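# pasting the structure only:
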Ligand code: URA
């Protein structure tokens with residue numbers, strides 16, 4: 001038996017203090033009944049509802065957001081013994097990445113052991129936006145930007161429309177920085193899209209995944225997603 005506010009906080013819904021406020025305000029139900037008593041103890045089998053959200057305290061799902069460094073593979077086990085993203089996260093649970101980033105790509109990667117959610121998020125039909133910043137060789141032309149936006153053919157497949165924004169152009173070094181948002185996730189898609197319009201990608205970083213970003217995480221850092229963030233992920237694949 002644990003105190004209600006502690007259980008709500010431990011499930012990642014909000015801080016313990018905020019949970020206390022919600023309890024006092026009558027926003028928390030235990031087994032369908034409003035509970036306003038702060039010291040109320042609950043057991044694992046009790047159903048807790050906060051502001052209309054049912055908190056599932058029986059499942060042992062974990063959800064992480066990582067700022068992936070360069071030189072780490074996104075598989076769970078590398079045949080060449082290279083470091084994997086799983087090695088970076090301190091957990092005894094068998095988690096795996098939602099989608100892939102190349103060995104030399106940095107940035108936002110979600111990981112979980114919630115297979116059903118992960119499979120849905122990776123399915124192209126849900127069209128989750130992923131935003132990358134690419135440093136490319138050469139000066140990108142308006143024609144190439146237009147082609148990238150409307151779709152280019154890679155491996156015999158025409159990519160869906162993409163959002164493309166030029167961030168900067170350096171004529172001295174002959175390089176461009178381009179932001180590109182795609183809603184699919186074919187293997188090496190961004191690199192191949194730029195190749196299709198004649199540019200080699202020199203550096204690639206994923207900055208956003210749906211509404212998530214990694215502004216609060218340094219390269220190599222990670223944190224658990226909050227209950228609200230997990231709810232948002234679920235709402236994306238409804
Ligand atoms: N596209 C790529 O080419 N590489 C990545 O790592 C991600 C998207």
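Good, I have the coordinates. Computed from a predicted structure; not experimentally measured. Numbers count the residues shown, from 1 in each chain.
# how far is stretch 225-238 from where the chain is centred?
How far stretch 225-238 lies from its chain's middle: 10 Å, per Cα atoms, centre = their mean, to the nearest Å.
# For burial, what's the neighbour tally of residue 136?
24 (other Cβ atoms under 10 Å). Every C-beta, even on glycine, is put in place using the N, C-alpha and C of the backbone.
# from what I can see it touches residue 198, true?
No. Counting by Cβ atoms under 8 Å, residue 136 does not reach residue 198; the two are 9.6 Å apart.
# other SSEs contacting the helix or strand bottoming out on mean pLDDT in the chain?
When each helix and strand of the chain is scored by mean pLDDT, DSSP states H and E, strand 53-55 comes last, with a mean of 83. If contacts are counted by 3 or more Cβ pairs under 8 Å, 6 or more residues apart in numbering; DSSP states H and E, strand 53-55 sits against strand 48-50, helix 227-236.
# deepest of those, which one?
Ranked by average neighbour count under the criterion mean count of other Cβ atoms under 10 Å, the helices and strands packed on strand 53-55 are headed by strand 48-50 at a mean of 19.
# Find the nearest non-adjacent residue to residue 174, please.
residue 138 (6.0 Å; Cβ to Cβ, 6 or more residues apart in numbering).
# Roughly how far does the one you found sit from residue 152?
Using Cβ to Cβ, to the nearest Å, residue 138 is found at 16 Å from residue 152.
# before we move on, what about residue 66?
29 Å.
# Show me which of these two is the more surrounded one.
Comparing residue 66 with residue 152 by neighbour count (other Cβ under 10 Å), the higher total belongs to residue 66, at 25 against 18.
# Leaving out the residues flanking it, which one is nearest to the more buried one?
That would be residue 222: by Cβ to Cβ, 6+ apart, it lies 3.9 Å from residue 66.
# Tell me the confidence at the residue nearest the centre of the chain?
With distances taken as Cα atoms, centre = their mean, the chain has residue 110 as the residue nearest its mean C-alpha position (4.0 Å). Residue 110 is assigned 98 on the pLDDT scale.
# thinking again about what came up before, could you please name the strands the least confident helix or strand of the chain pairs with and the direction of each pair?
strand 48-50 (antiparallel) (DSSP bridges).
# What mean pLDDT does the partner strand get?
Averaging pLDDT along strand 48-50 gives 91.
# Show me how the record splits this protein into domains.
2-55, 63-124+212-236, 129-209 (automatic domain parsing).
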